[in-house]
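**Q** Test case, fold it:
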Amino acid sequence: MIIWGSYVINKTLGHGEFYCPNCKIRRNYSHLLPRKWGHLYWIPLFPMQDFDSYVECGTCSKKYNEAALRYDPERQAALQNQNLSILISQAIAIVARATGQRPSIELIADNIKSLLKTEPSLDSIKSTISNDDRDAGLKQIADYANGLTTRGKELVLRAAIDSKVMSLGGRAAAMAVGTNLGLSAAHINGILSETAD
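**A** Predicted structure coming up:
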């Protein structure tokens, strides 16, 4: 009697650390490639079929597509905070310059700390506001504002006009910042009238 058939053997492609979506923390993983082998008397003789490789968590043993290796919410949160810091810095600097004031790095840092609950880098703030090209700053605001909720946009605008003397130039700068954040003119005017009281 001849015993033949097939079974799957996993080839290990590598090991490392990733953010496990099930464990919700960083864990060790194995990168595996399953391959179906034809056998004779349980001795693998020839490969029959390759399957898609996958990642297996070393702790919970859950299996994920290779895309799980690129998923890192801690890095994404840090990048988001960095982008928001740039957005807040630009908004405050544009309105401050329009009101005839010099942008205060300490004031910007306090606003970032208050809004994001993180300690901002003073060098990063200084670098962000060093370019006083208003149009480039407004474009940067528009680029970074896409992921914000209406409330988030409102908070950024309020930070930009907080404790500023709203001259005609300051109001125009606040309108430009609000428009580039994606707020309507009525919404911006409402915020400006509240802060004028």
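**Q** buried ones in the helix or strand where L79 lies?
**A** In the assignment (DSSP states H and E), L79 maps to helix 73-98. For helix 73-98, the buried set under the neighbour-count rule, 16 or more other Cβ atoms under 10 Å, comprises 81-98. Any C-beta I mention is one placed from the backbone N, CA and C, and that applies to glycine too.
**Q** now swap in stretch 94-113 and tell me
**A** Neighbour counts over stretch 94-113 (16+ other Cβ under 10 Å) mark 94-99, 101, 103, 105, 107-109, 111-112 as buried.
**Q** Format the CA atom coordinates belonging to that stretch as CSV.
**A** Extracted in CSV, the C-alpha atoms of stretch 94-113 (Å, rounded to 0.1, in the frame of the first residue of the first chain):
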residue,chain,number,x,y,z
ILE,A,94,0.1,84.6,10.9
VAL,A,95,-2.4,86.4,13.1
ALA,A,96,0.3,87.8,15.5
ARG,A,97,2.2,89.3,12.5
ALA,A,98,-0.9,90.8,11.1
THR,A,99,-1.7,92.5,14.4
GLY,A,100,1.9,94.0,14.5
GLN,A,101,3.1,91.6,17.1
ARG,A,102,6.1,89.2,17.0
PRO,A,103,5.0,85.6,17.3
SER,A,104,5.8,84.4,20.9
ILE,A,105,7.4,80.9,20.9
GLU,A,106,6.4,80.5,24.6
LEU,A,107,2.7,81.5,23.8
ILE,A,108,2.6,79.0,20.9
ALA,A,109,4.2,76.3,23.1
ASP,A,110,1.6,77.0,25.8
ASN,A,111,-1.3,76.7,23.3
ILE,A,112,0.1,73.5,21.8
LYS,A,113,0.5,72.0,25.3
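**Q** thinking again about what came up before, dump the buried residues of stretch 94-113 to CSV, plus pLDDT and distance to L40.
**A** Formatted as CSV, those follow (pLDDT from 0 to 100; distance: Cβ to Cβ, whole Å):
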residue, pLDDT, distance to L40
I94, 93, 75
V95, 91, 78
A96, 90, 80
R97, 90, 80
A98, 89, 82
T99, 84, 84
Q101, 84, 84
P103, 86, 77
I105, 91, 75
L107, 89, 77
I108, 91, 73
A109, 93, 71
N111, 90, 72
I112, 91, 68
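**Q** which one among the residues you listed gets closest to Y19?
**A** I112 (25.7 Å; Cβ to Cβ).
**Q** any idea how far L183 is from the closest one?
**A** I112 sits 20 Å away from L183, going by Cβ to Cβ, to the nearest Å.
**Q** now the angle between helix 73-98 and the helix or strand that contains Y144, please.
**A** If you go by DSSP H and E, Y144 is part of helix 134-145. Comparing the axes of helix 134-145 and helix 73-98 via axes from the mean of the first three to the mean of the last three Cα atoms, to 10 degrees yields an angle of 150 degrees.
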